[in-house]
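# Here is my input; please provide its structure:
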Amino acid sequence: MFTGSGDGVLCTKRSVGLASRSPSSHVWSRPLPESPSTGRAAVIIPTYNEAQNIGLVLEAVAALPEPVVALVVDDNSPDGTADVVRSMMNRYPDRIELLERTGKLGLGSAYRFGFRHALELGFDFICEMDADFSHDPRDLPSLIAPVRDGRADVTVGSRYIQGVRVINWPLSRLVLSYGAGVYTRLITRLPVQDVTAGFKCFHRRVLEAIDFNRVRSNGYSFQVEMKYRAWKRGYRIMEVPIIFTERTEGQSKMSRAIVREAALKVWELRLRALIGRL
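Residues are numbered from 1 along each chain as shown. A predicted model of the protein is given here:
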């Protein structure tokens, strides 16, 4: 039984099959067994209206030569995303878990929820990625390897090392993303080229060292905040080159509010670090 978190988790049954649904609780479908630390890897995949993409993404994760367990955090998608995930679980019962939430609670909240669950299950290498194929699941082993062999504590799938590695973005989106990186580095001194990247792998010790109750941001600012908190605690961050491909199915979750939040959050993080309140 897993209880309580800052993201509104109530409880779940540790039994095979679907846990009962109630209006006020999160539902975790067919939970994987808890285990001690074994060097296993998991990837957290938040979803909201990703029925067109999630089946193919999970197929690609399940096909990896290195076993990686997909923990899908779905925010009650009205398009049937959870149903697609459940059908994939029937095909790959040991490789996929569905964590359902009662509403759209935000990207950062979904990752915090997934991180807590992955830590509880004993995973040592905990990744995050998008559900729309902008991140290629086949790159997961390249992200995990430096963390597994001790070269890094955090790896970042980077669009901006070894050139600009982005496909199908308009120039305005590229300028916004690259400019956000320059802006963030100037303020925070964070030594990462792709500061807003959402394709990452953490060693569990990094996530255990971060107080998730202090991490309240979403979107781009969540990605910046997690890197910044890890770096300020002395953890080693390595960028691994990837090719980022803009989604071809579904709608982007980008909004002006997300950009505004990120622009303000970097000042907050810098100030908190300066006064010792990070």
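
# Identify each of the helices in the chain and give its residue range.
Secondary structure of the chain (DSSP state H): helices at 54-62, 81-91, 107-120, 140-148, 171-188, 204-209, 219-232, 256-274.

# just how off-centre is the shortest one within its chain?
Centroid separation between helix 204-209 and its chain, computed with CA atoms, centre = their mean, to the nearest Å, is 14 Å.

# what's the answer for the fourth one, then?
The gap between the average C-alpha position of helix 140-148 and the chain average comes to 15 Å, counting by CA atoms, centre = their mean.

# Tabulate the CA atom coordinates of stretch 133-145 in PDB.
Presented in PDB, the C-alpha positions along stretch 133-145 are these (Å, rounded to 0.1, in the frame of the first residue of the first chain):
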ATOM      1  CA  PHE A 133       7.700  10.500 -30.300                       C
ATOM      2  CA  SER A 134       9.500  13.800 -30.100                       C
ATOM      3  CA  HIS A 135      11.800  11.700 -27.900                       C
ATOM      4  CA  ASP A 136      12.900   8.500 -29.600                       C
ATOM      5  CA  PRO A 137      12.600   5.500 -27.100                       C
ATOM      6  CA  ARG A 138      15.500   3.900 -28.900                       C
ATOM      7  CA  ASP A 139      17.700   6.600 -27.300                       C
ATOM      8  CA  LEU A 140      16.900   5.400 -23.800                       C
ATOM      9  CA  PRO A 141      19.900   3.000 -23.500                       C
ATOM     10  CA  SER A 142      22.200   5.900 -24.500                       C
ATOM     11  CA  LEU A 143      20.800   8.000 -21.600                       C
ATOM     12  CA  ILE A 144      20.900   5.200 -19.100                       C
ATOM     13  CA  ALA A 145      24.400   3.900 -19.900                       C
END
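
# Just the buried positions in that stretch, please.
Neighbour counts over stretch 133-145 (16 or more other CB atoms under 10 Å) mark Phe133, Ser134, His135, Asp136, Pro137, Asp139, Leu140, Leu143, Ile144, Ala145 as buried. Yep, even glycine has a C-beta here, placed from its N, CA and C like the rest.

# Of all the helices of the chain, which one comes closest to Cys127?
Closest of the helices of the chain to Cys127 is helix 140-148, at 6.0 Å (criterion: CB to CB).

# Fine by me, thanks again.
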